[in-house]
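Novice: Predicted model follows, preceded by the sequence.
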Amino acid sequence: MTLALISAMPEELQAVLDLLPDEQRISLGGRSYWQGHLHGQTVVAVLSGIGKVAAATTTALLLQRFRVSRVVVTGVAGGIGPGVKVGDVVVANELLQHDLDASPIFPRYEVPGYGLLRFGADAELSGRVALACESTLREAPAALGAEVVQAFGLQGSRVHRGLLVTGDRFVSRTAESEALQRDLPDALAVDMESAAVAQVCADFGVPLAVVRTISDRADDAAHVDFPRFLTQVASRYSAAIVERLLGASA
């Protein structure tokens, strides 16, 4: 069985590659896929690219070329749900494209040809990812250090399960965030790739789990030290979650 790990940011991909003792680079479609092993399991890691088209192309090539049996997406996202704060983690149960609107031919958000507004993540795989996230957050204060925890206000970070929405724009204004909350009141967070990956995985019948670390609140006060958060928090979360997920499966 081959696990595919799709990372949204280079720093997160590198954190995962650092776990693999024998990774080999394979070039395909202008992308670098890294194949190796962790805890005796075959792993293929790749950078998704930014936006829905890039992520969909990456995923389609990945599933066709490497005979992947399951996919895990890691990355960061903007929190929009009540109580979803910086440093929390969202594990998606459902995924939706918030900028898809083919009305009046189709209802708003419905993907033409599918009869669906939302794609579901795999319940069993997502459950195991959520357990790995909970262990990671419990150990985060000691692993990250008091200075990092204090700097980013990571006290009491928690795991959320629910709807993750995706669109081809970076949501960083309060008006946009509030509009998403009004239109999709159960949405927890927003990103730019995950729902596209979900659609491709549905096409291929491959189980999917998506985990996103909240880097900001997708508003006018969005966190300004994103590079530091990415290297000191999000990428370390991703590596720890993958390590725990595969260690538990070994």
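Specialist: Thanks, I have it.
Novice: which of the residues in the lengthiest helix in the chain are buried?
Specialist: Ranked by residue count under DSSP state H, the longest helix found in the chain is helix 123-144. Applying a neighbour-count criterion of 16 or more other CB atoms under 10 Å, one finds 125-126, 128-137, 140, 144 buried in helix 123-144. From N, CA and C alone the C-beta is placed, and that goes for glycine too.
Novice: Run through who's touching it.
Specialist: Residues outside helix 123-144 that contact it (CB atoms under 8 Å, 6 or more residues apart in numbering): 70, 72, 89, 91-93, 149, 154-155, 157-159, 161, 207-211, 232-233, 236-237, 240-242, 244-245, 248-249.
Novice: ok, then the element right after it?
Specialist: Per DSSP states H and E, the first helix or strand lying C-terminal to helix 123-144 is helix 146-152.
Novice: ok, residues contacting that following helix?
Specialist: Around helix 146-152, the neighbours that count as contacts under CB under 8 Å, 6+ apart are Val86, Gly87, Ala140, Pro141, Leu154, Gln155, His223, Arg228, Phe229, Gln232, Val233.
Novice: Throw those into a markdown table and include secondary structure, pLDDT and distance to Ala56, thanks.
Specialist: Shown next, in a markdown table, are those (DSSP: H, G, I helix; E, B strand; the rest coil; pLDDT from 0 to 100; distance: CB to CB, whole Å):
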| residue | secondary structure | pLDDT | distance to Ala56 |
| --- | --- | --- | --- |
| Val86 | coil | 91 | 28 |
| Gly87 | coil | 92 | 29 |
| Ala140 | helix | 90 | 32 |
| Pro141 | helix | 88 | 37 |
| Leu154 | coil | 89 | 33 |
| Gln155 | coil | 88 | 37 |
| His223 | coil | 56 | 28 |
| Arg228 | helix | 88 | 30 |
| Phe229 | helix | 90 | 27 |
| Gln232 | helix | 91 | 30 |
| Val233 | helix | 92 | 28 |
